[in-house]
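Q: can't give you the sequence, but here's the structure:
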(Lines give C-alpha, C1' and ligand atoms only; values in the text may rest on other atoms or scores of the structure.)
Protein backbone atom coordinates (compact mmCIF):
# COMPACT_ATOMS: atom_id res chain seq x y z
CA UNK A 1 0.00 0.00 0.00
CA UNK A 2 1.46 3.33 -1.05
CA UNK A 3 1.69 6.27 1.30
CA UNK A 4 -0.73 9.19 0.98
CA UNK A 5 0.56 12.25 -0.89
CA UNK A 6 3.00 14.19 1.21
CA UNK A 7 1.23 17.47 0.54
CA UNK A 8 -1.61 16.27 2.78
CA UNK A 9 0.86 14.96 5.38
CA UNK A 10 2.65 18.31 5.37
CA UNK A 11 -0.63 20.13 5.99
CA UNK A 12 -1.43 17.77 8.85
CA UNK A 13 1.95 18.59 10.39
CA UNK A 14 1.35 22.33 10.02
CA UNK A 15 -2.11 22.08 11.58
CA UNK A 16 -0.77 20.59 14.82
CA UNK A 17 3.05 20.74 15.23
CA UNK A 18 3.19 19.12 18.72
CA UNK A 19 1.07 16.21 17.52
CA UNK A 20 3.25 15.96 14.42
CA UNK A 21 6.36 15.77 16.62
CA UNK A 22 5.06 12.75 18.52
CA UNK A 23 3.68 11.21 15.34
CA UNK A 24 7.22 11.15 13.97
CA UNK A 25 9.15 10.65 17.22
CA UNK A 26 7.21 7.77 18.79
CA UNK A 27 7.80 5.25 15.99
CA UNK A 28 11.44 6.30 15.94
CA UNK A 29 11.67 5.82 19.72
CA UNK A 30 10.25 2.35 19.30
CA UNK A 31 12.74 1.58 16.53
CA UNK A 32 15.65 2.94 18.54
CA UNK A 33 14.40 1.06 21.59
CA UNK A 34 14.45 -2.18 19.65
CA UNK A 35 17.96 -1.39 18.45
CA UNK A 36 19.02 -0.58 21.99
CA UNK A 37 17.69 -3.91 23.21
CA UNK A 38 19.97 -5.54 20.67
CA UNK A 39 22.97 -3.46 21.79
CA UNK A 40 22.41 -4.39 25.40
CA UNK A 41 21.80 -8.09 24.72
CA UNK A 42 24.82 -8.17 22.43
CA UNK A 43 27.01 -6.66 25.14
CA UNK A 44 25.61 -9.10 27.70
CA UNK A 45 26.49 -12.06 25.47
CA UNK A 46 29.98 -10.67 24.90
CA UNK A 47 30.35 -9.99 28.63
CA UNK A 48 29.69 -13.66 29.31
CA UNK A 49 32.84 -14.49 27.34
CA UNK A 50 35.18 -12.34 29.44
CA UNK A 51 36.06 -8.82 30.49
CA UNK A 52 38.74 -8.86 27.80
CA UNK A 53 36.03 -9.54 25.21
CA UNK A 54 34.18 -6.38 26.28
CA UNK A 55 37.41 -4.39 26.07
CA UNK A 56 38.09 -5.84 22.60
CA UNK A 57 34.75 -4.55 21.33
CA UNK A 58 35.33 -1.25 23.15
CA UNK A 59 38.47 -0.60 21.09
CA UNK A 60 36.53 -1.25 17.88
CA UNK A 61 33.67 1.05 18.86
CA UNK A 62 35.43 4.36 18.06
CA UNK A 63 36.11 3.06 14.55
CA UNK A 64 32.54 1.86 14.16
CA UNK A 65 31.26 5.15 15.56
CA UNK A 66 33.39 6.88 12.95
CA UNK A 67 31.63 4.92 10.20
CA UNK A 68 28.20 5.38 11.77
CA UNK A 69 28.93 9.04 12.25
CA UNK A 70 29.96 9.70 8.66
CA UNK A 71 26.92 7.82 7.38
CA UNK A 72 24.52 9.43 9.84
CA UNK A 73 26.00 12.85 9.16
CA UNK A 74 25.52 12.57 5.42
CA UNK A 75 22.13 11.00 6.09
CA UNK A 76 21.17 14.10 8.09
CA UNK A 77 21.97 16.15 5.01
CA UNK A 78 19.75 13.90 2.91
CA UNK A 79 16.90 14.10 5.45
CA UNK A 80 17.06 17.89 5.72
CA UNK A 81 17.30 18.31 1.94
CA UNK A 82 14.32 16.07 1.17
CA UNK A 83 12.22 17.65 3.95
CA UNK A 84 12.83 21.19 2.68
CA UNK A 85 12.04 20.23 -0.91
CA UNK A 86 8.82 18.54 0.19
CA UNK A 87 7.96 21.67 2.18
CA UNK A 88 8.46 23.69 -1.01
CA UNK A 89 6.37 21.10 -2.92
CA UNK A 90 9.33 20.43 -5.23
CA UNK A 91 8.98 16.67 -5.63
CA UNK A 92 11.44 16.39 -8.50
CA UNK A 93 14.25 17.81 -6.37
CA UNK A 94 13.23 15.61 -3.44
CA UNK A 95 13.48 12.54 -5.70
CA UNK A 96 16.84 13.75 -6.97
CA UNK A 97 18.18 14.13 -3.43
CA UNK A 98 17.25 10.51 -2.72
CA UNK A 99 18.99 9.34 -5.90
CA UNK A 100 22.11 11.23 -4.91
CA UNK A 101 21.99 9.46 -1.55
CA UNK A 102 22.19 6.07 -3.28
CA UNK A 103 25.16 7.16 -5.38
CA UNK A 104 26.81 8.57 -2.27
CA UNK A 105 26.27 5.27 -0.47
CA UNK A 106 28.22 3.40 -3.15
CA UNK A 107 31.16 5.77 -2.98
CA UNK A 108 31.23 5.74 0.82
CA UNK A 109 31.04 1.93 0.95
CA UNK A 110 33.99 1.53 -1.39
CA UNK A 111 36.16 3.94 0.59
CA UNK A 112 35.33 2.58 4.03
CA UNK A 113 35.58 -1.13 3.20
CA UNK A 114 38.95 -0.63 1.49
CA UNK A 115 40.27 1.45 4.38
CA UNK A 116 39.02 -0.98 7.02
CA UNK A 117 40.55 -4.05 5.41
CA UNK A 118 43.88 -2.39 4.70
CA UNK A 119 44.41 -0.41 7.90
CA UNK A 120 41.90 -1.69 10.45
CA UNK A 121 44.38 -3.68 12.52
CA UNK A 122 46.84 -0.79 12.61
CA UNK A 123 44.08 1.59 13.71
CA UNK A 124 43.14 -0.68 16.62
CA UNK A 125 46.76 -0.68 17.78
CA UNK A 126 46.92 3.10 17.30
CA UNK A 127 43.94 3.46 19.63
CA UNK A 128 46.06 1.90 22.37
CA UNK A 129 44.80 -1.67 22.45
CA UNK A 130 47.32 -4.08 24.02
CA UNK A 131 48.34 -7.05 21.89
CA UNK A 132 46.21 -9.39 24.02
CA UNK A 133 43.15 -7.30 23.14
CA UNK A 134 44.07 -6.69 19.48
CA UNK A 135 43.96 -10.42 18.72
CA UNK A 136 40.29 -10.33 19.75
CA UNK A 137 39.42 -6.92 18.26
CA UNK A 138 40.76 -7.45 14.74
CA UNK A 139 38.67 -10.55 13.80
CA UNK A 140 35.57 -8.70 15.05
CA UNK A 141 36.39 -5.56 13.04
CA UNK A 142 37.30 -7.51 9.90
CA UNK A 143 33.90 -9.21 9.74
CA UNK A 144 32.07 -5.96 10.47
CA UNK A 145 34.01 -4.25 7.67
CA UNK A 146 32.70 -6.70 5.08
CA UNK A 147 29.17 -5.83 6.20
CA UNK A 148 29.57 -2.06 5.98
CA UNK A 149 27.82 -1.60 2.59
CA UNK A 150 24.65 -3.21 3.94
CA UNK A 151 24.70 -0.98 7.00
CA UNK A 152 25.44 2.18 5.00
CA UNK A 153 22.61 1.68 2.50
CA UNK A 154 20.15 0.76 5.26
CA UNK A 155 20.99 3.99 7.09
CA UNK A 156 20.58 6.06 3.93
CA UNK A 157 17.19 4.47 3.26
CA UNK A 158 16.17 5.43 6.82
CA UNK A 159 17.33 9.00 6.14
CA UNK A 160 15.26 9.16 2.96
CA UNK A 161 12.16 7.92 4.76
CA UNK A 162 12.77 10.36 7.62
CA UNK A 163 12.96 13.22 5.15
CA UNK A 164 9.49 12.48 3.85
CA UNK A 165 8.08 11.99 7.34
CA UNK A 166 7.78 8.19 7.38
CA UNK A 167 9.20 6.84 10.64
CA UNK A 168 6.98 3.75 10.83
CA UNK A 169 8.66 1.58 8.21
CA UNK A 170 12.20 2.01 9.64
CA UNK A 171 10.81 1.03 13.06
CA UNK A 172 9.29 -2.19 11.71
CA UNK A 173 12.40 -3.10 9.73
CA UNK A 174 14.64 -2.38 12.74
CA UNK A 175 12.46 -4.69 14.78
CA UNK A 176 12.88 -7.59 12.37
CA UNK A 177 16.63 -7.05 12.15
CA UNK A 178 17.08 -6.83 15.90
CA UNK A 179 15.09 -9.98 16.64
CA UNK A 180 17.17 -11.86 14.07
CA UNK A 181 20.41 -10.50 15.57
CA UNK A 182 19.44 -11.54 19.09
CA UNK A 183 18.59 -15.04 17.84
CA UNK A 184 21.86 -15.37 15.93
CA UNK A 185 24.15 -13.98 18.65
CA UNK A 186 24.21 -17.02 20.97
CA UNK A 187 24.33 -19.38 18.00
CA UNK A 188 27.47 -17.86 16.51
CA UNK A 189 29.12 -16.83 19.79
CA UNK A 190 28.57 -20.00 21.82
CA UNK A 191 27.05 -22.83 19.77
CA UNK A 192 29.51 -22.41 16.90
CA UNK A 193 32.24 -21.36 19.36
CA UNK A 194 33.19 -18.26 17.35
CA UNK A 195 33.49 -15.98 20.39
CA UNK A 196 33.71 -12.23 19.77
CA UNK A 197 33.90 -12.77 15.99
CA UNK A 198 30.55 -14.56 16.18
CA UNK A 199 28.87 -11.38 17.42
CA UNK A 200 30.12 -9.59 14.30
CA UNK A 201 28.91 -12.38 12.00
CA UNK A 202 25.43 -12.21 13.58
CA UNK A 203 25.38 -8.43 13.09
CA UNK A 204 26.31 -8.67 9.40
CA UNK A 205 23.66 -11.31 8.68
CA UNK A 206 20.99 -9.15 10.32
CA UNK A 207 22.13 -6.10 8.31
CA UNK A 208 21.82 -8.04 5.07
CA UNK A 209 18.30 -9.05 6.08
CA UNK A 210 17.36 -5.44 6.88
CA UNK A 211 18.66 -4.13 3.56
CA UNK A 212 16.70 -6.78 1.62
CA UNK A 213 13.49 -5.59 3.30
CA UNK A 214 14.23 -1.95 2.50
CA UNK A 215 14.98 -2.71 -1.14
CA UNK A 216 11.79 -4.75 -1.48
CA UNK A 217 9.59 -2.06 0.11
CA UNK A 218 11.11 0.92 -1.68
CA UNK A 219 11.76 -0.51 -5.14
CA UNK A 220 9.29 -3.38 -5.55
CA UNK A 221 6.33 -2.24 -3.44
CA UNK A 222 7.07 1.48 -4.06
CA UNK A 223 6.07 2.21 -0.48
CA UNK A 224 7.49 5.75 -0.49
CA UNK A 225 6.42 9.11 -1.83
CA UNK A 226 9.97 9.40 -3.14
CA UNK A 227 10.61 7.64 -6.44
CA UNK A 228 14.01 6.41 -7.63
CA UNK A 229 14.81 6.86 -11.32
CA UNK A 230 18.44 5.80 -11.37
CA UNK A 231 18.45 5.14 -15.12
CA UNK A 232 17.92 8.87 -15.66
CA UNK A 233 20.20 9.92 -12.82
CA UNK A 234 22.71 12.70 -13.45
CA UNK A 235 24.74 14.48 -10.76
CA UNK A 236 23.50 17.93 -9.80
CA UNK A 237 25.80 20.42 -8.10
CA UNK A 238 22.76 22.14 -6.60
CA UNK A 239 21.54 18.93 -4.94
CA UNK A 240 25.04 17.89 -3.87
CA UNK A 241 25.56 21.29 -2.24
CA UNK A 242 22.17 21.10 -0.54
CA UNK A 243 23.05 17.72 1.00
CA UNK A 244 26.67 18.51 1.81
CA UNK A 245 26.08 21.88 3.51
CA UNK A 246 24.49 19.90 6.35
CA UNK A 247 26.04 16.48 5.76
CA UNK A 248 29.73 17.40 5.79
CA UNK A 249 29.73 19.36 9.09
CA UNK A 250 27.55 16.65 10.66
CA UNK A 251 29.92 13.94 9.45
CA UNK A 252 32.99 15.81 10.66
CA UNK A 253 31.36 16.29 14.06
CA UNK A 254 30.82 12.53 14.25
CA UNK A 255 34.43 11.96 13.23
CA UNK A 256 35.52 14.26 16.04
CA UNK A 257 33.38 12.28 18.48
CA UNK A 258 34.83 9.00 17.19
CA UNK A 259 38.38 10.29 17.58
CA UNK A 260 37.43 11.53 21.03
CA UNK A 261 36.18 8.06 21.92
CA UNK A 262 39.49 6.62 20.81
CA UNK A 263 41.40 9.19 22.85
CA UNK A 264 39.37 8.34 25.94
CA UNK A 265 40.01 4.62 25.44
CA UNK A 266 43.71 5.36 25.24
CA UNK A 267 43.52 7.45 28.40
CA UNK A 268 41.48 4.83 30.25
CA UNK A 269 43.74 1.94 29.30
CA UNK A 270 46.41 3.83 31.24
CA UNK A 271 44.38 2.91 34.33
CA UNK A 272 43.35 -0.61 33.22
CA UNK A 273 41.43 -2.53 30.59
CA UNK A 274 38.69 -2.77 33.21
CA UNK A 275 38.28 1.01 32.98
CA UNK A 276 37.87 0.73 29.21
CA UNK A 277 35.27 -2.02 29.64
CA UNK A 278 33.40 0.01 32.28
CA UNK A 279 33.30 3.05 30.01
CA UNK A 280 31.94 0.87 27.20
CA UNK A 281 29.16 -0.43 29.45
CA UNK A 282 28.38 3.10 30.64
CA UNK A 283 28.20 4.32 27.05
CA UNK A 284 25.65 1.65 26.19
CA UNK A 285 23.52 2.73 29.13
CA UNK A 286 23.91 6.37 28.05
CA UNK A 287 22.32 5.36 24.79
CA UNK A 288 19.17 4.30 26.66
CA UNK A 289 18.96 7.63 28.45
CA UNK A 290 19.17 9.60 25.22
CA UNK A 291 17.13 7.26 23.06
CA UNK A 292 13.90 9.33 23.26
CA UNK A 293 15.88 12.55 22.89
CA UNK A 294 17.59 11.32 19.72
CA UNK A 295 14.20 10.30 18.33
CA UNK A 296 12.67 13.70 19.07
CA UNK A 297 15.74 15.50 17.69
CA UNK A 298 15.55 13.49 14.46
CA UNK A 299 11.84 14.27 14.15
CA UNK A 300 12.68 17.95 14.69
CA UNK A 301 15.04 17.88 11.70
CA UNK A 302 12.19 16.72 9.46
CA UNK A 303 9.57 19.11 10.84
CA UNK A 304 11.82 22.16 10.88
CA UNK A 305 12.93 21.38 7.32
CA UNK A 306 9.34 21.08 6.10
CA UNK A 307 8.08 24.14 7.99
CA UNK A 308 11.05 26.22 6.89
CA UNK A 309 10.58 25.14 3.28
CA UNK A 310 6.91 26.11 3.53
CA UNK A 311 7.82 29.52 5.02
CA UNK A 312 6.16 28.80 8.40
CA UNK A 313 8.75 30.30 10.77
CA UNK A 314 6.33 30.67 13.70
CA UNK A 315 5.57 26.95 13.48
CA UNK A 316 9.31 26.28 13.59
CA UNK A 317 9.67 28.24 16.82
CA UNK A 318 6.60 26.63 18.36
CA UNK A 319 7.66 23.03 17.75
CA UNK A 320 11.26 23.67 18.81
CA UNK A 321 10.22 25.15 22.17
CA UNK A 322 7.82 22.29 22.73
CA UNK A 323 10.46 19.68 21.87
CA UNK A 324 13.21 21.10 24.10
CA UNK A 325 11.01 21.40 27.19
CA UNK A 326 9.74 17.83 26.79
CA UNK A 327 13.25 16.50 26.19
CA UNK A 328 14.58 18.10 29.37
CA UNK A 329 11.75 16.57 31.42
CA UNK A 330 12.22 13.09 29.93
CA UNK A 331 15.99 13.14 30.47
CA UNK A 332 15.62 14.35 34.05
CA UNK A 333 13.42 11.34 34.88
CA UNK A 334 15.54 8.74 33.05
CA UNK A 335 18.82 10.07 34.48
CA UNK A 336 17.38 9.92 37.99
CA UNK A 337 16.34 6.31 37.54
CA UNK A 338 19.78 5.32 36.23
CA UNK A 339 21.45 7.13 39.15
CA UNK A 340 19.35 5.18 41.65
CA UNK A 341 19.52 1.76 40.02
CA UNK A 342 23.04 1.95 38.54
CA UNK A 343 24.42 -1.07 40.48
CA UNK A 344 21.56 -3.32 39.35
CA UNK A 345 21.81 -2.14 35.74
CA UNK A 346 25.57 -2.61 35.49
CA UNK A 347 25.40 -6.05 37.12
CA UNK A 348 23.51 -7.29 34.07
CA UNK A 349 26.58 -6.77 31.87
CA UNK A 350 29.41 -8.38 33.77
CA UNK A 351 30.23 -10.15 37.03
CA UNK A 352 33.66 -8.48 37.26
CA UNK A 353 33.49 -6.47 40.50
CA UNK A 354 36.12 -3.92 39.49
CA UNK A 355 34.39 -3.17 36.17
CA UNK A 356 31.07 -2.87 38.02
CA UNK A 357 32.47 -0.38 40.53
CA UNK A 358 34.03 1.85 37.87
CA UNK A 359 30.90 1.78 35.68
CA UNK A 360 28.58 2.65 38.57
CA UNK A 361 30.75 5.61 39.56
CA UNK A 362 30.79 6.82 35.96
CA UNK A 363 27.00 6.63 35.66
CA UNK A 364 26.29 8.32 38.98
CA UNK A 365 28.53 11.24 38.11
CA UNK A 366 27.70 11.74 34.45
CA UNK A 367 23.91 11.51 34.90
CA UNK A 368 24.07 14.63 37.09
CA UNK A 369 24.60 16.78 33.97
CA UNK A 370 22.59 14.75 31.47
CA UNK A 371 19.28 16.64 31.94
CA UNK A 372 20.78 19.69 30.21
CA UNK A 373 22.15 17.75 27.21
CA UNK A 374 18.87 17.94 25.19
CA UNK A 375 19.35 21.70 24.77
CA UNK A 376 22.55 21.18 22.80
CA UNK A 377 21.40 18.04 21.00
CA UNK A 378 18.10 19.55 19.85
CA UNK A 379 19.59 22.93 18.91
CA UNK A 380 22.03 21.32 16.49
CA UNK A 381 19.24 19.34 14.84
CA UNK A 382 17.06 22.44 14.52
CA UNK A 383 19.77 24.24 12.59
CA UNK A 384 20.33 21.16 10.43
CA UNK A 385 16.66 21.28 9.48
CA UNK A 386 17.16 24.92 8.51
CA UNK A 387 20.00 23.86 6.21
CA UNK A 388 22.89 24.83 8.49
CA UNK A 389 25.30 22.12 9.61
CA UNK A 390 28.04 24.29 11.16
CA UNK A 391 26.57 24.64 14.69
CA UNK A 392 26.64 20.91 15.46
CA UNK A 393 30.25 20.69 14.32
CA UNK A 394 31.33 23.68 16.41
CA UNK A 395 29.53 22.40 19.51
CA UNK A 396 31.13 18.98 19.13
CA UNK A 397 34.60 20.45 18.68
CA UNK A 398 34.14 22.60 21.78
CA UNK A 399 32.97 19.64 23.84
CA UNK A 400 35.49 17.02 22.69
CA UNK A 401 38.58 18.79 21.38
CA UNK A 402 38.33 22.03 23.29
CA UNK A 403 37.41 20.80 26.76
CA UNK A 404 36.93 17.14 27.70
CA UNK A 405 39.89 15.43 26.00
CA UNK A 406 42.51 18.07 26.99
CA UNK A 407 41.27 18.14 30.57
CA UNK A 408 41.25 14.35 30.82
CA UNK A 409 44.81 14.19 29.48
CA UNK A 410 45.99 16.81 31.96
CA UNK A 411 44.24 15.20 34.93
CA UNK A 412 45.62 11.76 34.02
CA UNK A 413 49.17 12.35 32.84
CA UNK A 414 50.11 15.67 34.48
CA UNK A 415 48.36 15.57 37.85
CA UNK A 416 48.07 11.78 38.10
CA UNK A 417 44.46 11.95 39.25
CA UNK A 418 42.26 8.84 39.65
CA UNK A 419 39.89 7.74 36.87
CA UNK A 420 36.99 9.73 38.31
CA UNK A 421 38.65 12.90 37.05
CA UNK A 422 38.17 11.67 33.49
CA UNK A 423 34.45 11.68 34.20
CA UNK A 424 34.70 15.19 35.70
CA UNK A 425 36.26 16.44 32.46
CA UNK A 426 33.29 15.05 30.51
CA UNK A 427 30.81 16.72 32.86
CA UNK A 428 32.50 20.10 32.56
CA UNK A 429 32.64 19.87 28.75
CA UNK A 430 28.92 19.07 28.57
CA UNK A 431 28.11 22.18 30.60
CA UNK A 432 30.23 24.42 28.35
CA UNK A 433 28.81 22.92 25.15
CA UNK A 434 25.19 23.26 26.26
CA UNK A 435 25.70 26.88 27.31
CA UNK A 436 27.13 27.61 23.88
CA UNK A 437 24.24 25.84 22.15
CA UNK A 438 21.66 27.84 24.09
CA UNK A 439 23.39 31.09 23.17
CA UNK A 440 23.54 30.06 19.52
CA UNK A 441 19.84 29.14 19.43
CA UNK A 442 18.81 32.48 20.93
CA UNK A 443 21.04 34.35 18.49
CA UNK A 444 19.54 32.43 15.58
CA UNK A 445 16.01 33.26 16.66
CA UNK A 446 16.86 36.95 16.76
CA UNK A 447 18.34 36.61 13.29
CA UNK A 448 15.20 34.90 12.01
CA UNK A 449 12.88 37.51 13.50
CA UNK A 450 14.93 40.40 12.14
CA UNK A 451 15.18 38.92 8.64
CA UNK A 452 11.52 37.91 8.56
CA UNK A 453 10.43 41.42 9.56
CA UNK A 454 12.48 42.87 6.70
CA UNK A 455 11.28 40.43 4.06
CA UNK A 456 8.41 38.06 4.80
CA UNK A 457 8.03 37.13 1.14
CA UNK A 458 11.40 35.42 0.67
CA UNK A 459 11.94 33.17 3.67
CA UNK A 460 14.53 31.02 1.91
CA UNK A 461 16.97 33.94 1.84
CA UNK A 462 17.09 34.29 5.62
CA UNK A 463 20.70 33.93 6.72
CA UNK A 464 21.21 31.74 9.75
CA UNK A 465 24.84 30.89 9.25
CA UNK A 466 26.32 33.68 11.37
CA UNK A 467 27.48 32.38 14.72
CA UNK A 468 27.73 34.57 17.81
CA UNK A 469 31.48 34.14 17.82
CA UNK A 470 32.12 34.56 14.07
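A: Right, received. Where do you want to start? Here the structure is a predicted model, which means the values were calculated and not measured. Numbers count the residues shown, from 1 in each chain.
Q: For the rest of this, base every contact and every neighbour count on C-alpha atoms.
A: Fine.
Q: Skipping its backbone neighbours, what lies nearest residue 173 in space?
A: residue 210 (6.2 Å; C-alpha to C-alpha, 6 or more residues apart in numbering).
Q: residues touching the one you found, list them.
A: Counting by C-alpha atoms under 8 Å, 6 or more residues apart in numbering, residue 210 touches 154, 173, 174, 176, 177.
Q: so what's the third one up against?
A: Taking C-alpha under 8 Å, 6+ apart as the contact definition, residue 174 lies against 31, 32, 34, 35, 210.
Q: Now the buried members of the contacts of residue 210.
A: Neighbour-count burial (16 or more other C-alpha atoms under 10 Å) is assigned, among those, to 154, 173, 174, 177.
Q: Flag the least confident of these.
A: Taking those together, the minimum pLDDT is found at residue 174 (83).
Q: Which one of the contacts of residue 174 is nearest to residue 381?
A: residue 32 (17.2 Å; C-alpha to C-alpha).
Q: mind checking how far the helix or strand that contains that closest one is from the chain centre?
A: Counting by DSSP states H and E, the element that carries residue 32 is helix 17-47. The chain centroid and the centroid of helix 17-47 are separated by 12 Å under C-alpha atoms, centre = their mean, to the nearest Å.
Q: Go through that helix and flag the buried ones.
A: 17-18, 20-47.
Q: Inside helices: which ones of the buried ones among the contacts of residue 210?
A: 154, 173, 174, 177 (DSSP state H).
Q: okay, and for this protein, where does confidence drop off?
A: Within the chain, the ranges that satisfy pLDDT under 70 run 1-10, 232, 448-449, 451-470.
Q: show me the residues around residue 54 that make contact.
A: Residues in contact with residue 54 (C-alpha under 8 Å, 6+ apart) are 43, 46, 47, 277, 280.
Q: and the host helix or strand of residue 247, what does it pack onto?
A: In this structure, residue 247 sits in helix 237-269 according to DSSP H and E. Contacts defined by 3 or more C-alpha pairs under 8 Å, 6 or more residues apart in numbering; DSSP states H and E place helix 237-269 against helix 51-87, helix 91-126, helix 273-309, helix 390-397, helix 405-409.
Q: Just give me the closest of the contacts of residue 54 to residue 139.
A: residue 46 (14.1 Å).
Q: I figured that closest one hits residue 55, correct?
A: No: contact status for residue 46 versus residue 55: not in contact, 9.8 Å apart, counting by C-alpha atoms under 8 Å.
Q: that older thread, now the helices and strands packed on helix 237-269 as TSV including distance to residue 325?
A: Output for the helices and strands packed on helix 237-269, formatted as TSV (distance: least, C-alpha to C-alpha, whole Å):
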stretch	distance to residue 325
helix 51-87	23
helix 91-126	31
helix 273-309	11
helix 390-397	20
helix 405-409	30
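Q: Which of these sits closest to residue 229?
A: Counting by C-alpha to C-alpha, residue 229 lies closest to helix 91-126 out of the helices and strands packed on helix 237-269; the figure is 7.3 Å.
Q: Tell me the helices and strands packed up against the closest one.
A: Helix 91-126 packs on helix 51-87, helix 131-146, helix 148-163, helix 237-269, going by 3+ C-alpha pairs under 8 Å, 6+ apart.
Q: Centre of the chain to that helix, how far?
A: The chain centre lies 16 Å from the centre of helix 91-126; the measure is C-alpha atoms, centre = their mean.
Q: now that helix and helix 51-87, what's the angle there?
A: Orientation check (axes from the mean of the first three to the mean of the last three C-alpha atoms, to 10 degrees): helix 91-126 against helix 51-87 gives 160 degrees.
Q: in helix 91-126, what counts as buried?
A: 91, 93-102, 104-105, 108-109, 112-113, 116, 120-121, 123-125.
Q: which residues touch residue 296?
A: 21, 22, 24, 25, 29, 323, 327.
Q: now swap in residue 152 and tell me
A: By C-alpha under 8 Å, 6+ apart, the contact set of residue 152 is 68, 71, 105, 108, 109.
Q: CSV for those residues, including distance to residue 133?
A: Listed next are these as CSV, based on distance: C-alpha to C-alpha, whole Å:
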residue, distance to residue 133
68, 23
71, 27
105, 32
108, 28
109, 27
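Q: Tell me the one among the residues you listed nearest to residue 315.
A: Closest to residue 315, out of all of the contacts of residue 152 and judged by C-alpha to C-alpha, is residue 71, at 29.3 Å.
Q: Surely that closest one touches residue 154?
A: No: using C-alpha under 8 Å, residue 71 makes no contact with residue 154, being 10.0 Å away.
Q: End to end on stretch 362-375, go ahead and measure it.
A: Using C-alpha to C-alpha, to the nearest Å, one end of stretch 362-375 lies 22 Å from the other.
Q: and that stretch, how far out from the chain's middle?
A: Taking the mean of its C-alpha atoms, stretch 362-375 sits 18 Å from the chain's own mean (C-alpha atoms, centre = their mean).
Q: Next, work out how far apart residue 370 and residue 12 are.
A: To residue 12, residue 370 is 33 Å away according to C-alpha to C-alpha.
Q: Which of the two has more residues huddled nearby?
A: Using other C-alpha atoms under 10 Å as the criterion, residue 370 and residue 12 rank with residue 370 on top: 21 against 13.
Q: what sits against the more buried one?
A: 331, 332, 335.
Q: Which of these lies at the shortest distance from residue 397?
A: residue 331 (23.2 Å).
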